[in-house]
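**Student:** Take this sequence and fold it.
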Amino acid sequence: MANLTDLSLYIHIPFCVKRCRYCDFYSETGAGVELIDKTLNALLLSLDVSIRRLKPENIGTVFIGGGTPSIIAPASLDRFLRILNSRIGKVSEFSVEVNPESLSRDLLEVLSANNVNRISMGVQTYDADLLSWLGRPAGVEALDRADNMLEKYWQGRLSRDLLASLPGKPDRLQKDLNRALIGEPGHLSLYELTVEPGTPLAGSLEDLKQLPDEQSALDEWFTAMSFMAERGYDRYEISNFARKGDESRHNLTYWRMRPYLGIGPGAASTVPLDDRIIRRQEKRDLISWLSNPTGSYTESILTSEELALEHFMMGLRTSEGLSVNRFRAVFGMEPAEAVPCTVDRWVSSGMLISDSASLRPTSEGMDLLESVLSDIAVESGKTRWPDLCLWPQP
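**Tutor:** Residues are numbered from 1 along each chain as shown. Predicted structure coming up:
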């Protein structure tokens, strides 16, 4: 196994002011300063133990998400980030998720002083009624304040998150996109609302009846695609748009199947260890995790087929697709050799492009990814995958 030359780091902050009605990410509400500080200390301990075990030569990107990292008191966050930076050194991209209602000038100053160079702000919509319908803690006034604050005091990179497929008028998303692109942020994420089992939204038949039908949702989506292209934002991943050079380097780590370490309750990791590829999953329970922050996880070894399917699943989400050279270096064959019938079928239908550089989706292919991946999963069961994979490769 090659040395672990480059590792990306995800830190999960499991606290929110309230849980949104559609969200199934792990978080807890009502935490006080003492519990938050205890968790931050445990995250640092977990990181120290993991770094000693994995011995990466470099940490390339960091993403602090949640939950709502911006609800941490600025003084506590400053202390945490200072210690964290002393452990990881200078990274190329350091992102932190923020919510509008907890954004402050003090918070922005703490982030800037501690090498954070990218903010991802959860907007979801600028429609007051829909913010309430979604259970978002921020109202339109909080969004206005946050946008004004970012314009005045934030000098780093900025991404905003929006939701598609919400109830309401057909032009709602168009208005949200116009508003979200004020100031020309380099990046925008546009996710379709998904109804996750066990969430309050899933349990409300009355609310589910308000969701747009399939054709209305598709029409809205294609209009949004055209609008973003006209404004100079490339759809470089199914749900992500960026101006050239403003792509999320951290998320590209996932989509390019590079090693990443996740710490905190609910976080996942995919890392090489002892000539194997390890999937690590932290417990989705804060109290249990705090009782043993360096060992509250399960580990499993990914088979070569599982690893290959993840390469297809992640790489085909992006406009750049799977690198032929990297896939060959890991698996000893090209993507088109691994699943030739599927590649031929979807290339012939105009959904995939296969050449000496990559296997990649067309714009239409991105929107049919589930069908493509289903065919790949079936055919991959007939492929002779190597017993061991040399992963990661430079």
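**Student:** Point out where the chain drops to low pLDDT.
**Tutor:** 1-3, 393-394 (pLDDT under 70).
**Student:** care to break it down by domain?
**Tutor:** Taking automatic domain parsing as the reference, the chain has its domains at 7-254, 304-394.
**Student:** between the ones you listed, which one is nearest to Ile277?
**Tutor:** Nearest of the domains of the chain to Ile277, taken as CB to CB: domain 304-394 at 5.5 Å. The way it works is simple: take the backbone N, C-alpha and C, and place the C-beta from them, glycine included.
**Student:** Now find how far off-centre that closest one is within its chain.
**Tutor:** 21 Å (CA atoms, centre = their mean, to the nearest Å).
**Student:** ditto for stretch 11-20
**Tutor:** Relative to its chain's centre, stretch 11-20 lies at 15 Å (CA atoms, centre = their mean).
**Student:** about what we covered before: quick one, which of the domains of the chain is nearest to Gly295?
**Tutor:** Nearest to Gly295, of these and by CB to CB, is domain 7-254 at 8.3 Å.
**Student:** Show me where the stretch 101-250 of the chain has its strands.
**Tutor:** For the stretch 101-250 of the chain, strands defined by DSSP state E, counting those that start in this stretch occupy the ranges 118-124, 157-164, 187-192, 234-237, 240-242.
**Student:** swap in the stretch 251-394 of the chain?
**Tutor:** Using DSSP E, counting those that start in this stretch, the strands found in the stretch 251-394 of the chain span residues 260-263, 268-273, 276-282, 297-301, 322-323, 352-354, 358-361.
**Student:** for the strands of the stretch 101-250 of the chain, which one sits closest to Trp255?
**Tutor:** strand 234-237 (6.3 Å).
**Student:** Which strands or helices does that closest one pack on?
**Tutor:** Contacts defined by 3 or more CB pairs under 8 Å, 6 or more residues apart in numbering; DSSP states H and E place strand 234-237 against helix 214-230, strand 240-242.
**Student:** Paired strands for the last one, with orientation please.
**Tutor:** According to DSSP bridges, the neighbouring strands of strand 240-242, each with its direction, are strand 187-192 (antiparallel), strand 234-237 (antiparallel).
**Student:** buried sites along it?
**Tutor:** Neighbour-count burial for strand 240-242 flags 240-242 (criterion: 16 or more other CB atoms under 10 Å).
**Student:** Distance from the chain centre to stretch 122-129, please.
**Tutor:** Chain-centre distance of stretch 122-129: 20 Å, with CA atoms, centre = their mean.
**Student:** now the end-to-end length of it.
**Tutor:** Start-to-end span of stretch 122-129 (CA to CA, to the nearest Å) is 17 Å.
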